[in-house]
Structure formats: structure tokens, C-alpha cells
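Q: Sequence first, predicted model second:
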Amino acid sequence: MRVLHLSAWNDQCGIGGYAKNLIAALQQQPSVISDVYPPRRQPLVLMSNDQLREVFDSFLVLASTADLVHIQHEHAFFAGRHGYARAVRQFGWLLTQLRQRDVPIVVTFHSEPTSDAFAGRARVGKRGRLRSGYERALWRWHVARHFRRGKGRRLAIAHTRRGRLALIESGFNPAQVQVVPPGHPRRSVLPQSERALAKERLGFPKQATVLSLFGSVANHASYSWAVETLKTLPPSFVLAVVGGNPVSPDDDIVNRVLDSWKHQNPSRLRITGFVSPEMVDAYHAATDICLVPHLPCNVSAWAAMPWALTAGRPTIASDIPAFRHLNEDAGCLLLARPGDVGELGARIRELAADAAKQEDLVRRALTYASANGWDQLAARHLEIYQSLVHQPAPQPEFEAHTRLDLVHATRVADLFTGR
């Protein structure tokens, strides 16, 4: 079975890492051959609609040679910075073209159907409600209609039960939405006796309590909340923000965090920027408590959570639906109200003083991660692929679409993927 994946790839983002881990695990399945079409997000920002269509036309030519297409969906991936409406129309057009070619489709939705995280705005007042209504109608017309029928070789994957419900409420048929949680890496866990050495190698005091946040620095992640909480903790607590720089040039979170800390002890806050996987492991080895402090938004999963749950250290996360549902299943987190400095500080002090609680959370987290490793997720995806590929082909619903010349399409694909 030949599967063509449409995904971020070399961009420093969680979706690119997700795709690489999934495809690496699928390579262990002898019945699957995976190809990747990876248009880069930054060039998309500066493209017109016609140029975007040309990029995805190239993808469609390659899709005609595949047994199945798997799309890693995130709104901005289909419009750069040009807005939610453009992203929805572009994605809907792509689904229509794939249906014309009778290609089975799997879409993993990393965001819910709303535009809140994409556009960075709150729904306030009559204008906000009107805009929300317009965007829901836009999504139903351009995207949800492709997943509305009970039969058809199309299937949506959500990371959480909440994500699945959001897709169903947006017009998807329940039979065409499955929950597949994010995969978790397999990593060795350092014993407590080696943690002091790991701290020393990174320049932390041996007696420091190291709090760590992992993942790309972005406005939707509440780094400011964690930094404000650090100000209320004793001097022995330090915070390491370990991850890439903001993807968007409009994201000023790093400057705002540093500005808020300028009158504090600089040795208690460390922001690394992008680091290698080896350095991420080094910080995990030195960590005492992992933090995943996100404000509510429409993203249904974060790459930081699997890393935290496999670090062998306890995790405190925001009390938002995605993490609340995870905790209902696994019981592996302490939760704090989003943005509540007092509650997050209390949770940190409580956990730092309770070794038994730490051990219980770590044990539960590692059990959950073991049951949802990338090998298990690859096997689950293979079952989904086979169920769609082996379905009888439906009657054509559209006129056949004239395909681009393959040589021309490959040249365009090379141009926009930087090869």
C-alpha cells in the first residue's frame, strides 16, 4: 500500500515532528510505503491564491499514484497568514479534488474547526457571535460536507474525545471520526541519583527544583503565566523554557516574558530557543517537575505533553478540556486553572513536597505512554488505511479533473519544498 502524506516536515513545529514519528513507525510495517509531500509554511505566507493552487495541484498529481492520502491538518498550513476563511476554502477545494480522483482520504485534525487559535481573537459581543456563525457555515460548506455521509472512503482522526465531538458538532458523521491519541516516544528514565549530576552539567544548582516547559514558544502557550508564578515561588525554584522560537514573526512572547522578568534574578529563568533532541533529553534529565501551562484554545493536542509524560518526572498542566479528558483516562496529571498564578504556585509547592505523589503520577504517566507508543499508533493507522483502501469504490460524484503533467508538477513541488 502506497500512502502519500501531506504534512509540515522540516519546519520546527509539533506537526512536523508528529508526522516524522508516525512515518518512522509506519516504515516498520512491511505492507506500507510512505511518501511525503512537504510544502513549507513560510513560502506559503507570501503566495497568492493561484500560487497556492499550483502547489497543491502538484500534490494532486502525486496523489493520483497513491493508494491513500493522509493529511496532517492545521488551519494555517493551508493559508499561511492570510486568514481562516482562505484556509477553509483552500482545504475544502483540496478535498474536492481528491474526491474527484477517488483517492481514499485520512485527515488528522490537530485543531478544532474554530478559528480562535488561528486568528488569536476572542469571541466577544454581537460581532464575535456573527463572525462565529459565518465561520461555522463556511466550515460546514467547504469541509464538513466531505465527511457527512455514513459511507465513503474518507475518515477524520481527532486526538481527544473533545476534538471528536467538535468535529461531529461541525457537521461530520460520527461514523467517520475516530479518536487516535498522539504517539509517545520510548525513552529511558534516569534514576533520582543521577538527576543532581544532570543539573550540574546544565549549570543548575544541585539543590534547585527545576521546572521545565517543552515545545515551541508561542502566544497560545501561557509562558507568561508560568513566569509570573515563578516570581511567587522560593528562590530555589528555577524555570527552563526549552523549545523553538515563535513560528510567526508577529509573536512577541519571548520579549514580553523577558521584559516581565528584568528585575528578577536572571539565573532563575532560562529560555533556550531551539535545541537538539539530545539537549532536550539533557533538560529532561535535570527536570524535577514538567509544566504544560496552556490557555484554552482550539488546538486539540500538544507535542509537549507526550514529552512530559515520558520524562519520568511528574507533570502539572492546565485544567482545559483536552488535558482534563486525558487525566480522566490516565490520572497522570495535576491540573491548575488556566492563568491562575496562585493555584499553579500551590500545585508546584504541593507536588515538590510530596515524593509519593510524584512517584504515583510518574507511574501512571509511563503506563499511559507505553500503551500509546508510536508502534501502537502505527498499527492503529494501518488498520484505518486498510479499512478505507479495501472499501468498494463509490460512484463518481464529480466530473473527472484534468491532471497536470507529472514532470511539470514535480518541478513545481521541488520549487516550493526547497529541494
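A: All right, it came through fine. Nothing here was measured: the structure is a model prediction, and the numbers come from that model.

Q: for stretch 181-201, the distance to its chain's centre please.
A: Using C-alpha atoms, centre = their mean, to the nearest Å, the mean C-alpha position of stretch 181-201 is found 22 Å from that of the whole chain.

Q: Mind giving me the packing neighbours of the helix or strand that contains Val61?
A: Taking DSSP states H and E as the definition, one finds Val61 inside helix 49-63. Helix 49-63 sits against strand 2-6, strand 33-37, helix 84-100, helix 406-417, with contacts defined as 3 or more C-beta pairs under 8 Å, 6 or more residues apart in numbering; DSSP states H and E. Any C-beta I mention is one placed from the backbone N, CA and C, and that applies to glycine too.

Q: got the contact list for Ser31?
A: Shown in contact with Ser31 (C-beta atoms under 8 Å, 6 or more residues apart in numbering): Met1, Leu382.

Q: rewinding a little: quick one: buried residues of the helix holding Val61?
A: Of all the residues in helix 49-63, those buried under the rule 16 or more other C-beta atoms under 10 Å are Leu52, Arg53, Glu54, Val55, Phe56, Asp57, Ser58, Phe59, Leu60, Val61, Leu62, Ala63.

Q: same thing with stretch 364-374?
A: Buried residues in stretch 364-374 (16+ other C-beta under 10 Å): Arg364, Ala365, Leu366, Tyr368, Ala369, Asn372, Gly373, Trp374.

Q: Other residues contacting that stretch?
A: If you take C-beta under 8 Å, 6+ apart as the criterion, stretch 364-374 is touched by 21-22, 24-25, 181-186, 189, 306, 308-310, 312, 314-315, 326, 329-333.

Q: and if we set it to 7 Å?
A: For stretch 364-374, contacts defined as C-beta atoms under 7 Å, 6 or more residues apart in numbering pick out 21-22, 25, 181, 183-186, 306, 309-310, 315, 330-332.

Q: sorry, back to before: Throw the buried residues of helix 49-63 into TSV and include pLDDT and distance to Leu138, thanks.
A: Listed next are the buried residues of helix 49-63 as TSV, based on pLDDT from 0 to 100; distance: C-beta to C-beta, whole Å:
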residue	pLDDT	distance to Leu138
Leu52	77	17
Arg53	79	18
Glu54	81	23
Val55	80	22
Phe56	86	19
Asp57	87	23
Ser58	86	26
Phe59	92	23
Leu60	94	22
Val61	92	28
Leu62	93	28
Ala63	95	24
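
Q: Asn255: which of those is nearest?
A: Among those, Leu52 lies closest to Asn255 (C-beta to C-beta), at 31.2 Å.

Q: which of the contacts of stretch 364-374 has the most neighbours?
A: Per-residue neighbour counts (other C-beta atoms under 10 Å) across the contacts of stretch 364-374 peak at Leu309, which has 30 neighbours.

Q: tell me the contacts of it?
A: Applying C-beta under 7 Å, 6+ apart, the residues near Leu309 are His184, Thr315, Cys332, Ala365, Tyr368, Ala369.

Q: how about 8 Å then?
A: If you count contacts by C-beta under 8 Å, 6+ apart, Leu309 has them with His184, Thr315, Cys332, Ala365, Leu366, Tyr368, Ala369.

Q: same deal with Gly345?
A: Contacts of Gly345 by C-beta under 8 Å, 6+ apart are Thr229, Thr232, Leu233.

Q: Check His381 too.
A: Leu22, Leu26, His70, Val106, Val180.

Q: Sort out for me which of those are in helices.
A: Within those, residues falling in helices by DSSP state H are Leu22, Leu26.

Q: which one of the contacts of His381 has the most neighbours?
A: Busiest of the contacts of His381 [other C-beta under 10 Å] is His70, holding 26 neighbours.

Q: and it, how far is that from Leu335?
A: For His70, the distance to Leu335 (C-beta to C-beta, to the nearest Å) stands at 32 Å.

Q: Pull out the buried members of the contacts of Gly345.
A: Using 16+ other C-beta under 10 Å, the buried members of the contacts of Gly345 are Thr229, Leu233.

Q: Nearest to Phe274 among the contacts of Gly345?
A: Closest approach between the contacts of Gly345 and Phe274, by C-beta to C-beta: Thr229, at 24.3 Å.

Q: Show me what the helix or strand containing the closest one is packed against.
A: Here Thr229, judged by DSSP H and E, is contained in helix 223-231. Using 3+ C-beta pairs under 8 Å, 6+ apart, the elements in contact with helix 223-231 are strand 209-214, strand 237-242, helix 253-260, helix 341-352.

Q: Show me the contact partners of that helix.
A: By C-beta under 8 Å, 6+ apart, helix 223-231 touches 211, 213, 217, 237-239, 241, 253, 256-257, 260-261, 264, 268-269, 291, 293, 295, 338-339, 341, 344-345, 348.

Q: low pLDDT regions in the protein?
A: Low-confidence segments of the chain, defined by pLDDT under 70: 11-12, 40-46, 80-82, 115-131, 150-151, 190-192, 216-221, 244-253, 297-301, 392-419.

Q: quick one on the thing from earlier: distance to Asp319 for the buried residues of helix 49-63 - can I get that in TSV?
A: Below are the buried residues of helix 49-63 laid out as TSV (distance: C-beta to C-beta, whole Å):
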residue	distance to Asp319
Leu52	38
Arg53	42
Glu54	45
Val55	40
Phe56	39
Asp57	44
Ser58	44
Phe59	39
Leu60	43
Val61	47
Leu62	43
Ala63	41
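
Q: which two in the contacts of His381 are spaced the farthest apart?
A: Leu26 and Val180 (13.1 Å).

Q: mind listing the strands for the stretch 301-419 of the chain?
A: According to DSSP state E, counting those that start in this stretch, the stretch 301-419 of the chain carries its strands in the segments 315-318, 333-336.

Q: For the first one, which helices and strands make contact with it?
A: It stands for strand 315-318. Here strand 315-318 touches strand 289-292, helix 304-309, strand 333-336, helix 341-352, going by 3+ C-beta pairs under 8 Å, 6+ apart.

Q: can those go into CSV with extra columns for distance to Arg2?
A: CSV is the format used below for those (distance: least, C-beta to C-beta, whole Å):
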stretch, distance to Arg2
strand 289-292, 36
helix 304-309, 28
strand 333-336, 39
helix 341-352, 48
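
Q: Which one of the ones you listed lies nearest to Glu112?
A: Nearest of the helices and strands packed on strand 315-318 to Glu112, taken as C-beta to C-beta: helix 304-309 at 16.4 Å.

Q: Dump the closest one to PDB, keeping only the CA atoms.
A: The C-alpha trace of helix 304-309 is given here as PDB (Å, rounded to 0.1, in the frame of the first residue of the first chain):
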ATOM      1  CA  ALA A 304       4.900  19.000  24.700                       C
ATOM      2  CA  MET A 305       2.600  16.600  26.500                       C
ATOM      3  CA  PRO A 306       4.000  13.300  25.200                       C
ATOM      4  CA  TRP A 307       7.500  14.600  26.000                       C
ATOM      5  CA  ALA A 308       6.400  15.500  29.600                       C
ATOM      6  CA  LEU A 309       4.700  12.100  30.200                       C
END
